[in-house]
Every structure is written in C-alpha cells, then in structure tokens.
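A.B. asks: One predicted model, sequence on top.
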Amino acid sequence: MNRRDFLINSILAIGGSYVLSGCDEKPVRQVTSNQGGNMKVLMINGSSHEKGCTFTALSEVAKELNKEGIETEIIQLGTAAYRDCIGCGACRKLNGRCVFDDDIVNKIIEKAESSDGFVFGSPVYYAHPSGRLLSVLDRAFYAGGKAFAFKPAAAVVSARRAGTVASIDVINKYFTINKMPVVSSSYWNEVHGSTAEDVLQDKEGVQTMHNLGKNMAYMLKALAQAKQQGLTWQELETGNRTNFIR
C-alpha cells in the first residue's frame, strides 16, 4: 500500500474526518439581510484584517446587491491557519467534502450549495492573492466544485500599489475551470490604499465595486428569469482527459 492509500484508508477508518491541532480561532461571519429576497451572494474575505481594505471593498459590492434585494454574507478567514489540499482524493468518497473537517472549508462548501453567486476578495501579497485564500479555495473547489458550478462569481483585490491584475487572474482561474460565469465591472475589480479609509478615498475603485454589485445583481436576476422560462444550462461534453506526454 502506498503512502496516499494508507492516508486515505486511515482517515476513512475513523469516520471520514482527520483533525490536526492548530489555531482554534473561528472565522468571523457577517450577514446582511435582503429583507425578504430569495437570492444570496456568498463573499469571502481572504485578508487577516477583519475590517481592512479588502473587507471595505467587499462591503461596497454588498451595498449594491442589498439595494437590489439580494442577501450577502461575508466570511472572514481571519488569522487562522488553513492547510493546503494534499491531493489525497478522499473527498471523492466523502460526498463533496474535504477530508480535513476542523476548519471553515466544508462550511463554505455547505453555504455554497445554497448560494447563487460569489465574490472572493484578497489583499495583494507579492503580486498574488493571500495564501490563506488560495488554500481554502483549492480545497473547496477540488472537494465541492459542484456547489459552485454554473453560478456567477467575481474576484476583488486590494493593494497599496501594484500586483492587482495578476491577483485577479489567479482567482478567476477557479471560476473558468468550473463552468462559472465571470462578472465584470467598469474597470478591473481593484481598490487601492493601506487602510479602509484610504480605500474609501479611491473614488474610482469604490465606483468599480458599486458597478460590480450592479452587474452581479443583473446577471443573477437574468439567470433566475431564464430558469423560470425553462432555459437551462447545456449538457457539457465529458470523458476526454489527456496530458501532454501521451
């Protein structure tokens, strides 16, 4: 038995959950009511700062969605430690859940199942998104990709100066490999500043967040109307899986 099979069998033998000791901090959750609406956008703040630049950008998007009667929820990843995906494949036997069940990832997958759209936000670190966000998204999409598929999504990033478009591109990769419509705005979805107050002074950045919220609301409503009229997603081709050496 190889190492991977040993790990999977050992994990499943104890009921499908594998818990390692680590940070006990609980991610913060903020919900804004839609006052009776039935659509919801799930947002993730990949920053360690609960009320910093990325949170401010997400909040500006949420304002526009709420005006359109769409509920929003912001999950703060905070300063907790998140493991990377280890490629064990155990999630295939766990009904779309990650084998590591002691952090927020499986809760995000559960929430994604009942959400209609997504906005993932991150600060820019060395011209890429935060490592904590990427670790969470790797596991959430690999284990629970079906919960996100065919639902509109957008990436939002904050930076003091540069690295924004590269970071947006990285987050967008999760959407485009998973059959998800990507929502755009009137500029790239970025804000600039070192503090939340700085972000609010970035007038074009705030405008971009507002327009992103409006475009997301339009797409969600258009998709809901299409569904009511019996228009569904086309069945996609599957079965061909090749690599570059054969």
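C.D. replies: In hand now; what should we look at?
A.B. asks: Need the residue closest to the centroid of this structure.
C.D. replies: Phe120 (4.3 Å; C-alpha atoms, centre = their mean).
A.B. asks: thought that residue was touching Ser47?
C.D. replies: No: the pair Phe120 and Ser47 does not pass the contact test of C-beta atoms under 8 Å, sitting 11.3 Å apart. Glycine gets a C-beta too; all of them are placed from N, C-alpha and C.
A.B. asks: Could you give the number of residues near the closest residue to Gly145 other than its chain neighbours?
C.D. replies: Once its chain neighbours are removed from consideration, Gly145 has its nearest residue in Asn178; the separation is 5.2 Å (C-beta to C-beta, 6 or more residues apart in numbering). A total of 16 residues lie near Asn178 under the criterion other C-beta atoms under 10 Å.
A.B. asks: Can you check the pLDDT for Asn178?
C.D. replies: The per-residue pLDDT reported for Asn178 equals 97.
A.B. asks: for it, what are its contacts?
C.D. replies: By C-beta atoms under 8 Å, 6 or more residues apart in numbering, Asn178 lies in contact with Phe141, Gly145, Phe148, Ala149.
A.B. asks: what about the strands in this protein?
C.D. replies: For the chain, the strands defined by DSSP state E occupy 28-32, 40-45, 71-76, 117-123, 153-159, 190-192.
A.B. asks: pLDDT weak spots in this structure?
C.D. replies: Across the chain, residues meeting the criterion (pLDDT under 70) sit at 1-37, 246.
A.B. asks: longest single helix anywhere in it?
C.D. replies: What stands out as the longest helix in the chain, according to DSSP state H, is helix 203-228.
A.B. asks: What is that one packed up against?
C.D. replies: Counting contacts by 3 or more C-beta pairs under 8 Å, 6 or more residues apart in numbering; DSSP states H and E, helix 203-228 packs against helix 53-67, strand 117-123, strand 153-159, strand 190-192, helix 196-201.
A.B. asks: Output the contacting helices and strands for the longest one.
C.D. replies: Translated: helix 53-67. Under the contact rule (3+ C-beta pairs under 8 Å, 6+ apart), helix 53-67 is packed against strand 40-45, strand 71-76, strand 117-123, strand 153-159, strand 190-192, helix 196-201, helix 203-228.
A.B. asks: So which of the contacts of Asn178 sit within helices?
C.D. replies: Secondary-structure check on those using DSSP H: residues within helices are Phe141.
A.B. asks: Let's have the contacts of Asn178 in JSON lines, adding distance to Asn106.
C.D. replies: Rendered in JSON lines, the data for the contacts of Asn178 read as follows (distance: C-beta to C-beta, whole Å):
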{"residue": "Phe141", "distance to Asn106": "13"}
{"residue": "Gly145", "distance to Asn106": "14"}
{"residue": "Phe148", "distance to Asn106": "14"}
{"residue": "Ala149", "distance to Asn106": "17"}
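A.B. asks: out of the contacts of Asn178, who's nearest Gly230?
C.D. replies: Ala149 (19.8 Å; C-beta to C-beta).
A.B. asks: and the nearest residue to that closest one once chain neighbours are set aside, how many neighbours?
C.D. replies: Leaving aside its chain neighbours, Ala149 sits nearest to Lys179 (4.8 Å; criterion: C-beta to C-beta, 6+ apart). Around Lys179 sit 14 other residues, with neighbours defined as other C-beta under 10 Å.
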